[in-house]
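S.K.: based on what follows, work out the 3D shape:
(one chain, ligands or ions: 1)
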Amino acid sequence: MSKLKFRVEPGGTLRGTLRVPGDKSISHRAIMLGSLSEGVTEVSGFLEGEDSLATLAAFRAMGVPIEGPEHGRVRIEGVGLHGLRAPDRPLDLGNSGTSMRLLAGLLAGQPFDTVLTGDASLSRRPMRRVIEPLTRMGARIEATEAGTAPLKIHGGRKLHGIDYVLPMASAQVKSCVLLAGLYAEGRTCVTEPAPTRDHTERMLAGMGWPIDIAGPKRCLEGGHVLQPCRIDVPADISSAAFFLVGASIAAGSELVLEHVGINPTRTGVIDILRAMGADITLTHAREVGGEPVADLRVRSAPLHGIAIAEELVPLAIDEFPALFVAAACAEGETVLTGAEELRVKESDRIQVMAEGLTALGIEAVPTPDGIRIRGGRLRGGRVDSHGDHRVAMAFAVAALRADGPIEIDDCANVNTSFPGFVELAHAAGLRIRAIS
Ligand code: S3P
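M.R.: Numbers count the residues shown, from 1 in each chain. Sure, this is the predicted structure:
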């Protein structure tokens, strides 16, 4: 457990105009596909958080010349699809599930062996969901008996395309199979049970790799080339979410969040908050490098509890810690179902959020696939983030409506997705302090 704590004094309002850091999902993919392209890919707005930096370090360790990041700029000298070199040590991916699952697919098609490791949280997360389809494609991957990292990925295997129906709505598994498909003989198809983030598909197409998309099915073939390009990474809606919730619950707040990615596979948080009564408007909608972007204006508004539509769950999958805080501040009950995936994120987000909300005096009842939260008076108190970045940030914004200070333990992992959170949130009006 890290010693970094947040202490947040109660009350306050959020005001001003701010830009949260770059999108984590797009930052990972920019490094991966840029590295495999044939030429120089220039990235701006790159997330300089520990997760995307772990991906960057992994590709450097495989011989890709990468300059930066400097103020979000990264210059990648792509080595082509077959230019990666064997790393001389295991690739440590820290806390990052996206790095491990996407890399597993990409590395299954290399001529060399690799070992993927991670921190205690990542080493508990399920990896059979990628091992199983990759094995069907001809890969050989060893994991622990529990199906967890470290993963040993054997190189020199001949992969062949498969037609895979995803057993769960997971963009990581979808992307893993598609990336392995770049190296496979024949056609690789993935069908998803519900729409999930499609940044991999968009970036592949943007770099000139043909990909057929028909409803829930996406197919590609090996044997093409990735063209280098410029990638302007929008601000991460998953980081903006803490401010959307914070400004909604703190009376008198008004914030503008600039240049936020509003890819329709990511905007469930806006739909859910609006259904609860939030006042969020989009301005300056535009397209940047194949991804839709807008400025988001949010003003405080009275929220009410809702039954969250299950089809919105994959479209808001990372935003539930923040949304549970919104539910705790809403009038009436909010019910979430169909969200068992939350139990296998960086922490068991259903259990950990229920415990924290309960410690703050809110009725929060976990269920196998969701939670029931009755809005009420938030007390101050002490909560444990269990090393989960998004849990830590969600409880920090809860202090805007608490009647005493909130102390949050184990907050160092906020740096995995949102470096500078404390400073940015403080500047916007959150009375937050980091204590190490
Ligand atoms: C991600 C997909 C999601 C999400 C994660 C990032 C991605 O995971 O929770 O933070 O970049 O593909 P799952 O695919 O496991 O739902």
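S.K.: when you work out contacts or count neighbours from here on, use the C-alpha atoms and nothing else.
M.R.: Noted.
S.K.: quick check, Pro87 in contact with Ala57.
M.R.: No - the pair Pro87 / Ala57 is not scored as a contact, 10.7 Å apart, by Cα atoms under 8 Å.
S.K.: in stretch 413-420, what's buried?
M.R.: Asn413, Val414, Thr416, Ser417, Phe418, Pro419 (16 or more other Cα atoms under 10 Å).
S.K.: which element is the residue in the stretch 251-400 of the chain positioned nearest to the ligand on?
M.R.: Taking Cα to the nearest ligand atom, the ligand has its nearest neighbour within the stretch 251-400 of the chain at Asp318, 5.2 Å off. Here Asp318, judged by DSSP states H and E, is contained in no helix and no strand.
S.K.: quick one: the nearest residue to it once chain neighbours are set aside from the ligand, how far?
M.R.: In space, and not counting its chain neighbours, Asp318 is closest to Ser238: 6.4 Å by Cα to Cα, 6 or more residues apart in numbering. Distance of Ser238 to the ligand, given as Cα to the nearest ligand atom, to the nearest Å: 9 Å.
S.K.: what is the burial count for Ser238?
M.R.: 29 (other Cα atoms under 10 Å).
S.K.: shouldn't it be in contact with Phe320?
M.R.: No - the pair Ser238 and Phe320 fails to qualify as a contact (Cα under 8 Å) at a distance of 9.8 Å.
S.K.: what do these two both touch?
M.R.: Here Ser238 and Phe320 share no contacting residue, scored by Cα atoms under 8 Å, 6 or more residues apart in numbering.
S.K.: ok so, going back, what's the residue nearest to Asp318 sitting at in phi/psi?
M.R.: Reported as degrees, to the nearest 10, the phi and psi values for Ser238 are phi -70, psi -30.
S.K.: if I pick it, what's in contact with it?
M.R.: The contact partners of Ser238, taken as Cα under 8 Å, 6+ apart, are Asp23, Asp318, Glu319.
S.K.: quick check on the closest residue to the ligand within the stretch 1-150 of the chain: phi, psi?
M.R.: Closest contact between the stretch 1-150 of the chain and the ligand, by Cα to the nearest ligand atom, is at Ser25 (3.8 Å). In this entry, Ser25 is assigned phi and psi values of phi -60, psi -40 (degrees, to the nearest 10).
S.K.: against Val422, how distant is it?
M.R.: 22 Å (Cα to Cα, to the nearest Å).
S.K.: same question, Ala54
M.R.: As for Ala54, its distance to Val422 is 22 Å (criterion: Cα to Cα).
S.K.: ok, these two, which is more surrounded?
M.R.: For Ala54 versus Val422, the count of surrounding residues by other Cα under 10 Å is larger for Ala54: 23 against 19.
S.K.: these two touch, right, the more buried one and Gly94?
M.R.: Yes - the pair Ala54 and Gly94 qualifies as a contact (Cα under 8 Å) at a distance of 6.8 Å.
S.K.: still on that earlier bit, mind checking which of the buried residues of stretch 413-420 are in helices?
M.R.: By the criterion of DSSP state H, membership of the buried residues of stretch 413-420 in helices covers Val414, Thr416, Ser417.
S.K.: would you turn those residues into CSV with pLDDT and distance to Arg73?
M.R.: As requested, those are exported to CSV (pLDDT from 0 to 100; distance: Cα to Cα, whole Å):
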residue, pLDDT, distance to Arg73
Val414, 98, 21
Thr416, 98, 18
Ser417, 98, 17
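S.K.: make a markdown table out of those residues and add distance to the ligand.
M.R.: Output for these, formatted as a markdown table (distance: Cα to the nearest ligand atom, whole Å):
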| residue | distance to the ligand |
| --- | --- |
| Val414 | 13 |
| Thr416 | 11 |
| Ser417 | 9 |
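S.K.: closest to Gly290 among the residues you listed?
M.R.: Distances from Gly290 to these, taken as Cα to Cα, are shortest for Ser417 (22.4 Å).
S.K.: against Cys229, how distant is the closest residue in space to the closest one that isn't next to it in sequence?
M.R.: Nearest non-adjacent residue to Ser417, counting by Cα to Cα, 6+ apart: Gly49, 5.1 Å away. When distance is defined by Cα to Cα, Gly49 is 22 Å away from Cys229.
S.K.: again with Asp236
M.R.: Distance of Asp236 to Cys229, given as Cα to Cα: 21 Å.
S.K.: list just the nearest of the buried residues of stretch 413-420 to Val245.
M.R.: Closest approach to Val245 among the buried residues of stretch 413-420 (Cα to Cα): Phe418, at 16.1 Å.
S.K.: surely Glu192 and Gly215 touch.
M.R.: No - because the distance of 9.2 Å does not satisfy Cα under 8 Å, Glu192 is recorded as not touching Gly215.
S.K.: and those two? Which one has more around it.
M.R.: Neighbours were tallied for Glu192 and for Gly215 using other Cα under 10 Å; the higher tally belongs to Glu192 (20 against 9).
S.K.: on that earlier part again, tabulate the buried residues of stretch 413-420 (CSV), appending distance to Gly39.
M.R.: Listed next are those as CSV, based on distance: Cα to Cα, whole Å:
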residue, distance to Gly39
Asn413, 34
Val414, 33
Thr416, 29
Ser417, 28
Phe418, 30
Pro419, 30
